[in-house]
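> no sequence on this one, just coordinates:
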Ligand SMILES: *Cc1c(COP(=O)(O)O)cnc(C)c1O
């Protein structure tokens, strides 16, 4: 029996077509239409946030957040999906890498503080809640505050995650989401930015519509990053079931952890963080053993992926690095196992038995 690494949520076609029919009848296909407004309101309510701006993808979300916050140079994490760095470089933002914490795999607040003490010229910090595990948001807040830096969180993995009673999206000056088909919640392609300040939200809303101001006059030059009505229809359809989806993914994740914690290293989740089951990363230091596990998975038709590798300081070696030893080590041994909404608990046991038997052999 084959087990896929990931499987995008497929929207109920009856529900979806009734939304699409509404769009066809109104003739309002994009530009902040009725479905855009509905999806915005429902996401704000579900996530427990304000100032949420839908955008056309998670990459533009990062770029627009930085544009609005005037971040022209940033310290960022080397351990993330490539878009966290590539989006910044594409925009001409000067980036420098600071190392991750060996337990959480997220940007290390102490290393970040040391980096800023060495060179305080950076405008901001761009950190990823990698695999949906929140950064140490309190410690990063303290470092950012001390050095007077803006913070953008790439929360592409962290849809629906809370820290205590609070959405993880409520930390930092802005948090960005991706609604790509492979993510926990999606609109085929899409994303959002959650701003701390309403004024930043208003500015971003103009910028994603060419910089056209509310009164129709032109402000600062903008871009087109609007999410269209058809894609909002997918979002509205999928949002009906998202609570169930996340609960199921979390159950799969927790079972994986229980089964595997004695045989592999697992990232340590932030205290008080909720689980959304976005990914199932394991870390195996021994290269020979890593390969054995990967080969055994392939033989049994189970997809896995070395993710994230390479450490981004190696991919973008022309950028400054404050030292990324831990990121290089982790990216050399991390493997993501299958985890998606259509998997069963029994599927998880198939995978974990295989991993355990391969490691013991
Ligand atoms: C998916 C992802 C992005 C990019 O989002 P897109 O919607 O695909 O542009 C950015 N950062 C991280 C961490 C991601 O996983």
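Everything's here; your move. Bear in mind that the values here come from a model prediction, so they are computed numbers and not experimental data. Numbering: from 1, shown residues only.

> could I get the pLDDT score of the closest residue to residue 272 other than its chain neighbours?
The shortest distance from residue 272 to any non-neighbouring residue, by C-beta to C-beta, 6 or more residues apart in numbering, is to residue 164 (4.6 Å). For every residue, glycine as well, the C-beta is placed using N, CA and C. Confidence at residue 164, expressed as pLDDT, is 96.

> how close does residue 164 sit to residue 15?
Separation of residue 164 from residue 15 (C-beta to C-beta, to the nearest Å): 34 Å.

> the more surrounded of the two?
Using other C-beta atoms under 10 Å as the criterion, residue 164 and residue 15 rank with residue 15 on top: 16 against 10.

> where exactly do the strands run in the chain?
For the chain, applying DSSP state E gives strands covering 52-55, 73-76, 94-97, 124-128, 150-154, 162-163, 166-167, 174-178, 191-195, 280-283, 320-321, 334-337.

> and the ligand, is the fifth one touching that?
Read it as strand 150-154. Yes - using C-beta under 6 Å from any ligand atom, strand 150-154 reaches the ligand at residue 154.

> quick one, that strand and strand 124-128 angle?
When axes from the mean of the first three to the mean of the last three C-alpha atoms, to 10 degrees is applied, the directions of strand 150-154 and strand 124-128 differ by 20 degrees.

> the residue lying closest to residue 248 once chain neighbours are set aside - how many residues pack around it?
Spatial nearest neighbour of residue 248, chain neighbours left out: residue 341 (6.1 Å); criterion: C-beta to C-beta, 6+ apart. Residue 341 is flanked by 20 other residues according to other C-beta under 10 Å.

> and residue 306, by the same measure?
Neighbours of residue 306 (other C-beta under 10 Å): 14.

> and it, backbone torsions?
phi -70, psi 110 (degrees, to the nearest 10).

> and it, how far from the ligand?
15 Å (C-beta to the nearest ligand atom, to the nearest Å).

> would you confirm that that residue contacts residue 330?
No - in this structure, residue 306 is not within contact of residue 330 by C-beta atoms under 8 Å, at 11.1 Å.

> what residues does the residue of the stretch 1-150 of the chain found nearest the ligand make contact with?
In the stretch 1-150 of the chain, the residue found nearest to the ligand is residue 58; the distance is 2.6 Å by C-beta to the nearest ligand atom. Residues in contact with residue 58, defined by C-beta atoms under 8 Å, 6 or more residues apart in numbering, are 83, 154, 156, 176, 177, 178, 179, 180, 183, 190, 191.

> let me know the closest of those residues to residue 34.
For the contacts of residue 58, the minimum distance to residue 34 (C-beta to C-beta) is 16.7 Å, reached by residue 190.

> can you tell me how far that closest one sits from residue 9?
13 Å.

> likewise for residue 71?
Applying C-beta to C-beta, the value for residue 71 to residue 9 is 32 Å.

> out of these two, which sits in the more crowded spot?
More crowded of residue 71 and residue 9, by other C-beta under 10 Å: residue 71, with 26 against 19.

> can you pull the pLDDT of the more buried one?
Reported pLDDT for residue 71: 98.

> residue contacts, the spatially most central residue of the chain?
With distances taken as C-alpha atoms, centre = their mean, residue 156 lies nearest the centre of the chain, 1.8 Å away. Counting by C-beta under 8 Å, 6+ apart, residue 156 touches 58, 81, 83, 128, 176, 177, 178, 180, 183, 191.

> apply 10 Å and report the result again.
Residues near residue 156 by C-beta atoms under 10 Å, 6 or more residues apart in numbering: 57-59, 61-62, 80-81, 83-84, 128-130, 132, 175-180, 183-184, 191, 278.

> residue 120 against residue 148, yeah?
Yes - using C-beta atoms under 10 Å, residue 120 makes contact with residue 148 at a distance of 8.6 Å.

> joint contacts of the two?
Between them, residue 120 and residue 148 share no contacting residue, judged by C-beta under 10 Å, 6+ apart.

> any idea how far residue 354 is from residue 189?
34 Å.

> and for residue 233?
Distance from residue 233 to residue 189, by C-beta to C-beta: 13 Å.

> and these two? Which one has more around it.
Neighbours per residue (other C-beta under 10 Å) separate residue 233 from residue 189, with residue 233 holding more: 24 against 17.

> who are the contact partners of the more buried one?
Applying C-beta under 10 Å, 6+ apart, the residues near residue 233 are 11, 15-23, 35, 38-39, 187.

> could you redo the last one with a cut-off of 7 Å?
Counting by C-beta atoms under 7 Å, 6 or more residues apart in numbering, residue 233 touches 16, 19, 20, 23, 35.

> now distance to the ligand and neighbour count too, for the residues you listed, in JSON lines please.
Converted to JSON lines, those look like this (distance: C-beta to the nearest ligand atom, whole Å; neighbours: other C-beta atoms under 10 Å):
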{"residue": "16", "distance to the ligand": "20", "neighbour count": "17"}
{"residue": "19", "distance to the ligand": "21", "neighbour count": "21"}
{"residue": "20", "distance to the ligand": "22", "neighbour count": "17"}
{"residue": "23", "distance to the ligand": "22", "neighbour count": "19"}
{"residue": "35", "distance to the ligand": "19", "neighbour count": "26"}
